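> Give me the fold of what follows.
(2 chains)
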Protein chains: 2
Amino acid sequence: MRIKFQPSGVRGDVPAGQTLLEAATALGVEIESVCGGRGTCGKCRVIASGELSGLTDMERRQLSEAERAAGYRLACQASILGDVSVVVPEESRISRVSILSAGVERRVDLEPWVSRRVVSIPKPTLAEPSADLVRLEAVWAKQWPEPLKPTLRALQQLPLAVRAAEGLVTLLCADDEVVRIEPGQGPPRLLGLALDIGTTTVVGYLLDLETGRQLAVSSLLNPQTRYGDDVVSRIEFSQHEGGLATLQREIVAAINHIIEETVALATAAGEGGISADAILAMTVVGNTTMQHLFLGISPAALAQSPYVPAMTAAQCLRAHELGINIYPDAHVWTLPNIAGWVGADTVGVLLATGIYQDQEIGLAIDIGTNGEMALGSQERLITCSTAAGPAFEGAHLSCGMRAADGAIDAVHMNEDVHWHSIGGAPPRGICGSGLVDLVAEMLRVGVINTAGFMGDGEALRNNGQAKLADRLRQIGRQRAFELVSESQGAGGRPVLVTQRDVRELQLAKGAIRAGIEILIKELGIGREDVRRVYLAGAFGNYIRPQSALAIGLIPHFPNAEIIPVGNAAGSGAKMALLSRSCREQAMALIHSVEYLELSARADFQQEFAEAMLF
Amino acid sequence: MRIKFQPSGVRGDVPAGQTLLEAATALGVEIESVCGGRGTCGKCRVIASGELSGLTDMERRQLSEAERAAGYRLACQASILGDVSVVVPEESRISRVSILSAGVERRVDLEPWVSRRVVSIPKPTLAEPSADLVRLEAVWAKQWPEPLKPTLRALQQLPLAVRAAEGLVTLLCADDEVVRIEPGQGPPRLLGLALDIGTTTVVGYLLDLETGRQLAVSSLLNPQTRYGDDVVSRIEFSQHEGGLATLQREIVAAINHIIEETVALATAAGEGGISADAILAMTVVGNTTMQHLFLGISPAALAQSPYVPAMTAAQCLRAHELGINIYPDAHVWTLPNIAGWVGADTVGVLLATGIYQDQEIGLAIDIGTNGEMALGSQERLITCSTAAGPAFEGAHLSCGMRAADGAIDAVHMNEDVHWHSIGGAPPRGICGSGLVDLVAEMLRVGVINTAGFMGDGEALRNNGQAKLADRLRQIGRQRAFELVSESQGAGGRPVLVTQRDVRELQLAKGAIRAGIEILIKELGIGREDVRRVYLAGAFGNYIRPQSALAIGLIPHFPNAEIIPVGNAAGSGAKMALLSRSCREQAMALIHSVEYLELSARADFQQEFAEAMLF
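Next comes the predicted model:
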């Protein structure tokens, strides 16, 4: 029989007796079908004309009078008896969502692991006075092969729900569990939260699980910073009496704050049906230590060789086990970690960049206090981590600061220095991307040489760059470069970059660069084979690629595009929230991705020493 | 090869190359083996002599120097090379426990669903820096086919445990989960609690899961009685605002009190290693309403036709979900219910009496406010429930009381009345078993006739029973019988049994008797086919069988033995705690046992009317 689908225009011949859904699948036309063709989800509504089988009971139940008059059918119920023409309306097409991380966009099939299942439970009789759960089980078994597994809370909701709407109830399922039972069609929205726990910043994204739409974003300084700026100091603090519990309590409080804020933001934006209780799913990325602290698992062994985590596997918990204030039985998934120092945030970056599915070779670098790197393609992917030190986050520098108002984040030099401060505020210090810019420029104009040595200005003067030479200072036993004068700096304080600051940056970039070189060596490729370089993390998003190249943070890849991908880890968390396949890919990844422990490599010190030079 | 086992004396021929354990199994000699022959549990220690294979690594690890010198071997590791002789020491024989319920003793194989698994986790290396959990998984996979499923709490315990004793850790497993990870050999004891939530009384039994020994018992008045004496009034209360939560909170508080008390009692008795935190398993029986209230599930629909529960299936929860103060991840199993008015307590009675496994027909009756009955054998078993009313519990009678100090619990008549009060205290009232005795005696001597009518004493006087006749009173519009005079009664008050009290008893016994008659009819047997009648419940334990027969509470079964079984429901809970098979039998039972809804039977009213007569 001939069949034609609109608006795609796909045509084909199919055998009589096939359902419209089977025909669509055979011809590659994508029609939504949540219930697997049982006629119970009502998602496969199409407008069909031609010779078709009569309306089934399921269709009578799912389609209104008006819809039936308009020619609507359920594609899984209507069988083809002759030539037919089918219009697939927008709402019945398989939903795809775009997940955008700055320079890279990934399209994901909307396939959340939380779903609604609407069932009609028959009334009990005196002759058959079986329990609510037994009658529900009977209805369930007819439609779904997996066993019915309600949580205690869902069980507590069952007797009231089943009596509220003539036996019509909506089961909200998370993975293999029924976590909530509501009368009728259930709540207006199913929400999910994708969470990125950074060492410095925590970001939460509130999403509508049924449309994939992002409803709100909220971020907060990680309150654990109070107990230590970086991962190592947090691990140390966690070993004190009560330290681990304190760090866990702090991060949970921050998450609860973010939840409140995203709910308030979305509601303020006019979205309906938003509440923390409607959040039924959550995914969490973060480095291995952040994941340990979030779960209340001691990360102590991560701080010393051989840098072993307690666990790397993805964990699925219920929100109430962690004290997260969303629907108590909501499933909270932490994405898996690859190794002690290559965490779920890197797994998120891999998901967001798709590097593990590419035929061509890509390099992803997530730069912060630690640099995590992944190099490879679908064939083979190797990751490693290096302790970059705090320079890229502006910490431990004489005038370093985080990328906040008043931080210099871009620098240009000609006869003198020009800078840009975040928010246009009087400069208070310099952040990581500003420092990379500055050092690249100092190198170009000759304030420092390729060994990173800051001269006395003699050469600059000889070169007619007196203004720059005038900015050189001697502070105690070391040289410094005055980027901002007392009169221009906030609070009448200058912004100075010392010789030692330059050394810190050299250490940081040397570590990253050495990691990249060893990955290239290990994979056995040439620089010309790399086609895409993804710079992830807030820092990666703000750094100017030419400055990164100029200071040698990344080598010159003749055929590669450099793509800033922003918070790709968070994008990965969103993908795992909206798509079961993405989540499963993440879980499979940790078995296929290789991890290289740089401290076990004999050649690392040599590479590092070389990479310190500009 | 010839093999001989001691102390059993079993001999046989077995092929060379078999292990001692295989040979023992083939010859029916029972040797403990928890790890399934992998050499890791060390339970199958035997003393063997003759031609055997050399010591394996496993044996070197499990057996001390001294044990090896004494000829100890692991039966699963030693292979037979020639004729051998084996002594199976006491500790290696499969443990059987006796569960005694008053008149019936059931032997149960000790097979708790909480167990220890001792493993040795290798150290990580810089070349293979895999996570603690990954290394544990590798060791686990070599020994057990099921996936390793640690709870979050167990995961939190892992990194410290693995570093505390050179990688030797004990995994405490409940069902398919690892709920706790401890360094070394783990805690000294694994405890379990069997709980019977009665409408009136809550009883807890503390057991050692590894020996099956009962360490303490504690009971408490169900604090829910404050909100209603019987099941129906509790169901009503549960429907008030906050009522369900209140009832759940009350029962949980009572259970926590019982837990504290059993722990204190066992410790006071000199038992070591006792703590609430060492309780890793709990089983719960109770009628269907008590189970609903315990789980916080509304029992509202149980109160009106068709008397439908929300759930009947066994539920497995973690203790912390219910607020029970034992080890938080301990598994709490509620036994399944058969129907709205035949609950897990009846399932417990079935387990304890073994009626469902018998070839001969038995009748089990659990008498309280409601009477639950089961009649049948392994072939077919039918249950029903009747609302007996409060008479058997001494409630709602003019002088009725619970079986406490000062309650008359036995009565005998000749020319006058003789009674016994509990604790020898001055009588305050009469309890159920006393009332049955009294009515049986009143009937025998003619104070009442077969219709239950209390005469004016004329006939008694004519019969020379003036003392009895003198005890008849007219109180308002009804007759009464003075059992205890003012001078003998506590506080100078007499104990009187009114005509109306007798009517209450008639209603109660009529309901039970009618249920029994309908079960006999439904099963299609004669009274002579019944071989055992089990009387369960506190009341069933105190009632005198001849009085029960005299008032016609139970019919005369010519070939039956009448066996009081006390708190058989509690014994069933103990069996399910100590034996996974028993628990599974309970779960299977609810599918094979038939339930008869008496109110749906047209013949029930007729049977009831007839059964009201004495």
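> contacts for stretch A:251-271?
A:193, A:195, A:197, A:202-206, A:215-220, A:222-224, A:274-276, A:279, A:290, A:293-294, A:322-326 (Cβ atoms under 8 Å, 6 or more residues apart in numbering or on different chains). Where you see a C-beta, it was placed from the backbone N, CA and C, and this is true even at glycine.
> Point me to the residue of the stretch 401-550 of chain A nearest chain B.
Of the residues in the stretch 401-550 of chain A, the one nearest chain B is residue A:522, at a distance of 14.4 Å by Cβ to the nearest Cβ.
> Can you give me the distance of that residue to residue A:376?
Counting by Cβ to Cβ, to the nearest Å, the gap from residue A:522 to residue A:376 is 10 Å.
> Show me which of the two is the more surrounded one.
The residue with more neighbours, out of residue A:522 and residue A:376, is residue A:376; 24 against 16, by other Cβ atoms under 10 Å in any protein chain shown.
> The more buried one reaches residue A:384, doesn't it?
No. Using Cβ atoms under 8 Å, residue A:376 is not in contact with residue A:384, being 11.5 Å away.
> The worst-scoring helix or strand of chain A on mean pLDDT: what's the following helix or strand?
Every helix and strand in chain A was compared by mean pLDDT, DSSP states H and E; the lowest is strand A:96-101, with a mean of 67. Using DSSP states H and E, the helix or strand that follows strand A:96-101 towards the C-terminus is strand A:104-109.
> what pLDDT, on average, does that following strand get?
Averaged over strand A:104-109, pLDDT sits at 82.
> Also stretch A:226-237?
Here the average pLDDT along stretch A:226-237 is 91.
> buried stuff in it?
A:227-231, A:234-235, A:237 (16 or more other Cβ atoms under 10 Å in any protein chain shown).
> Extract the C-alpha trace of it and format it as CSV.
What follows is stretch A:226-237, C-alpha atoms only, in CSV (Å, rounded to 0.1, in the frame of the first residue of the first chain):
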residue,chain,number,x,y,z
ARG,A,226,35.3,29.1,53.4
TYR,A,227,37.1,25.9,54.4
GLY,A,228,39.7,26.0,51.7
ASP,A,229,40.1,27.6,48.3
ASP,A,230,41.2,24.6,46.4
VAL,A,231,40.5,20.9,46.3
VAL,A,232,43.5,19.8,48.3
SER,A,233,42.7,22.2,51.2
ARG,A,234,39.1,20.9,51.2
ILE,A,235,40.4,17.3,51.3
GLU,A,236,42.6,18.3,54.3
PHE,A,237,39.6,19.9,56.0
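> ok, that stretch near chain B or not?
No. Using Cβ under 8 Å from any Cβ of the partner chain, stretch A:226-237 never reaches chain B; the gap is at least 11.7 Å.
> next one: that stretch to chain centre, how far?
With Cα atoms, centre = their mean, to the nearest Å as the basis, stretch A:226-237 stands 23 Å off its chain's centre.
> nearest residue to residue A:325 other than its sequence neighbours?
residue A:256 (4.7 Å; Cβ to Cβ, 6 or more residues apart in numbering or on different chains).
> Any idea how many residues pack against the one you found?
There are 15 residues near residue A:256, going by other Cβ under 10 Å.
> how much space between it and residue A:322?
For residue A:256, the distance to residue A:322 - Cβ to Cβ - is 10 Å.
> Name the residues of the stretch 251-400 of chain A found near chain B, please.
Checking the stretch 251-400 of chain A against chain B by Cβ under 8 Å from any Cβ, the hits are A:295-298, A:300-301, A:305-313, A:315, A:317, A:321, A:337, A:339-340.
> hmm, back to that, can you select the buried ones among the contacts of stretch A:251-271 for me in ChimeraX?
Typed into ChimeraX, the line below selects the buried ones among the contacts of stretch A:251-271, using 16+ other Cβ under 10 Å:
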select /A:193,195,197,202,203,204,205,206,215,216,217,218,219,222,223,224,274,276,279,290,293,294,322,324,325,326
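> What residues of the one helix or strand the residue of the stretch 401-550 of chain A closest to chain B maps to count as buried?
Assigned by DSSP H and E, residue A:522 belongs to helix A:499-523. Neighbour counts over helix A:499-523 (16+ other Cβ under 10 Å) mark A:499-520, A:522-523 as buried.
> Okay, helices next: where are they in the stretch 451-600 of chain A?
A:458-462, A:466-470, A:499-523, A:537-542, A:545-550, A:568-578, A:580-592 (DSSP state H, counting those that start in this stretch).
> lowest-confidence stretch among these?
For those, where the average pLDDT is lowest is helix A:537-542, sitting at a mean of 73.
> Can you name the residues in contact with that helix?
A:102, A:201, A:365-368, A:392-393, A:403, A:409, A:431-433, A:534-535, A:564-569.
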